[in-house]
Structures are given as C-alpha cells and as structure tokens.
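# how would this look folded up:
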Amino acid sequence: MTTLAVPRRVPPLGGLNATLLGLELRRLLRNRRTMIITLVMPVVFFLIFGLNPSYSGESAGNGNVSAYVMISMALYGAMIATTSGGAMVSVVSVERASGWSRQLRLTPLSPGVYIFVKVLVAMMLGLGAVGVVYLVGAFTSVRMDTSLWFATALITWLGSAVFAAFGLFMGYLLPSENVMQILGPGLAVLGFAGGLFMPLQDGSVWASIAQFMPTYGLSQLVHAPLTGEAMQWTWLLNVAVWLAIFVGGAAWRFQRDTERV
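Take a look at the predicted model:
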C-alpha cells in the first residue's frame, strides 16, 4: 500500500491568529517580576527624580525639566519592556530542546510567525510602559506643548523596537528563563552610558564615548522635540547600526537554533 505525502498547507499570514497572540500576552503578564520592573519602576523613578521641586519646574526647551525626566523614564521603561518581551525567545530555545517545536510543526504555524508574535507582544508591553509613565506625568507638574506629548511618546515607542531586537539576540545568546536578571542591570548601565538619565556635556570625553552606545541615538531622538535641538544624522545612524547588529545577531542565532532541531 502506497502512502501519499500530503503537502503542509500554510494558511494566510503564516498561521498568525488572535488566540496565539492572547496566549503569549497572558504568559508575559503572569510574570510579576517583569510587570513590576517594567510598569512600576520607571514610574517610581519619575516621581523621585522628575518632581524634585528644586529643579522640576525649570525650563527645558519647549517644556520643563519634569517633562525631560518623564520622557527619559518612559524610554527606559519601554527598553525594559521590549527587551524582556524579546528575550522570551529564550523560552523558544527551551521549547525547541523539549520537543515543543516539533509539535508546532504539526500545526499550520510557521516558525517565523511564532517569533514575530513574540516581538509583537514585546512591543505591546513597551507601549504599555510608555503609556503608564505618560499617564502619571499628565497628573503631575509636567509641562510641554500638547503636540509634543504625542510626538515624543510615538518616537519613544517605535524606537524601543531596537531593544526588542536586542532582547531577541540576547535571548538566544543567553538561553535562560532568568535572562532578564542579567539584562536588567545591563540596561541601566547602557542608560547611564548613553546619556539617557542626564544630559551630556558637549566636548567632554564621556559625551564622545556615549555616541557609540545603543541608547545614545534613541535618547537624543526622543528628547529633540522637547529641547528643540535640530535633528542630526549621527543619531539616526546610531539607531540604524545598532538595530542592524541586533537583528542580524538574532537572525544568526535563530538559524543556528533551528538547525539543531
């Protein structure tokens, strides 16, 4: 008796569906440590450093210092959110080792779409992090033009995609469900090194070093609408180069991991 091989039918969008998206989102939301670090810590930092009466009301371009700190903390929260969400790919590595990926191959879901879902969830969490900080800022002493609220929030959220790629790369490079215990402190160091938490003094040695950090270009871009500083191509180049590095690294590790299955 001859057995006919039935070709695997791939549905539209590679099997992307709301059920899978909801499952991945709920799995991330059940991680209380991630939720606290992502949604609570940036707000706490904003309340501590952004509302200091000794300087919070001082002018900062098209707003005040409180607005500057709010934008910084929103980007920091988005960085943590997208990195942790992207690092869920480390769970993918565990799933592959346990044979779960073989089970997925029996479904219409394509591997690329599965990774895309995890990145999409990471960006959704990043949007939540930005929204929480801005919501708290709206009820405090933050002052800036109405249009800047939307512009800076959008740039912050979209720019955090760089760290979703970073999380993907690190998730494969450090295949552990506790990867954020390593990356969390690293993100804080990158924030300081790239001038996210305090303005850099032009001409200083530290300012020169900061230009090579993955947080530098994003920090300058998200603050530019507030400070009124003219856009510089070096900022965009910084973002583009680091995004290419992280995406390329994630693709490389993903390919190697797939070959082992």
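# which residues of the stretch 151-261 of the chain fall in helices?
161-173, 179-193, 205-210, 216-227, 233-259 (DSSP state H, counting those that start in this stretch).
# which residues make contact with the third one from outside it?
Under the criterion C-beta atoms under 8 Å, 6 or more residues apart in numbering, residues 193, 194, 195, 200, 201, 216 lie in contact with helix 205-210. Placement of C-beta: from N, CA and C, glycine included.
# most neighbours, which of the residues you listed?
Sorting the contacts of helix 205-210 by how many neighbours each has (other C-beta atoms under 10 Å) puts residue 216 first, at 24 neighbours.
# give me the distance between that one and residue 195.
Look at residue 216 and residue 195: by C-beta to C-beta, to the nearest Å, they are 6 Å apart.
# ok, residue 39 next?
Relative to residue 195, residue 39 is positioned 24 Å away (C-beta to C-beta).
# hang on, the earlier thing: can you lay out the contacts of helix 205-210 as JSON lines showing distance to residue 140 and pLDDT?
Putting the contacts of helix 205-210 into JSON lines (distance: C-beta to C-beta, whole Å; pLDDT from 0 to 100) gives the following:
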{"residue": "193", "distance to residue 140": "28", "pLDDT": "89"}
{"residue": "194", "distance to residue 140": "25", "pLDDT": "90"}
{"residue": "195", "distance to residue 140": "23", "pLDDT": "87"}
{"residue": "200", "distance to residue 140": "26", "pLDDT": "78"}
{"residue": "201", "distance to residue 140": "28", "pLDDT": "78"}
{"residue": "216", "distance to residue 140": "27", "pLDDT": "95"}
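# what residue ranges in the stretch 51-200 of the chain are flagged as low confidence?
88-112, 175-178 (pLDDT under 70).
# can you give me the helices for the stretch 1-150 of the chain?
So, for the stretch 1-150 of the chain - with DSSP H, counting those that start in this stretch - the helices run 18-29, 32-35, 41-49, 65-86, 89-98, 100-104, 111-138, 146-159.
# may I have the first one as CSV, with CA atoms only?
In other words, helix 18-29. Below are the C-alpha coordinates for helix 18-29, written out as CSV (Å, rounded to 0.1, in the frame of the first residue of the first chain):
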residue,chain,number,x,y,z
ALA,A,18,-5.5,36.2,17.9
THR,A,19,-5.6,33.0,20.1
LEU,A,20,-1.8,32.6,19.9
LEU,A,21,-1.2,36.3,20.5
GLY,A,22,-3.5,36.2,23.5
LEU,A,23,-1.7,33.2,25.0
GLU,A,24,1.7,34.8,24.6
LEU,A,25,0.5,38.1,26.1
ARG,A,26,-1.1,36.3,29.1
ARG,A,27,2.1,34.3,29.7
LEU,A,28,4.1,37.5,29.8
LEU,A,29,1.6,39.3,32.0
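# please identify the buried residues of that helix?
Going by neighbour count (16 or more other C-beta atoms under 10 Å), the buried part of helix 18-29 is 20, 21, 24, 25, 28.
# pretty sure residue 160 contacts residue 126?
Yes. Between residue 160 and residue 126 there is a contact under C-beta atoms under 8 Å: 4.5 Å.
# enumerate every residue touching residue 168.
So residue 168 contacts 86, 87, 89, 115, 118, 119, 246, 247, 250, 254 (C-beta under 8 Å, 6+ apart).
# quick check: the gap between residue 250 and residue 231.
For residue 250, the distance to residue 231 - C-beta to C-beta - is 28 Å.
# distance of residue 37 from residue 44?
11 Å.
# no more questions from me, cheers.
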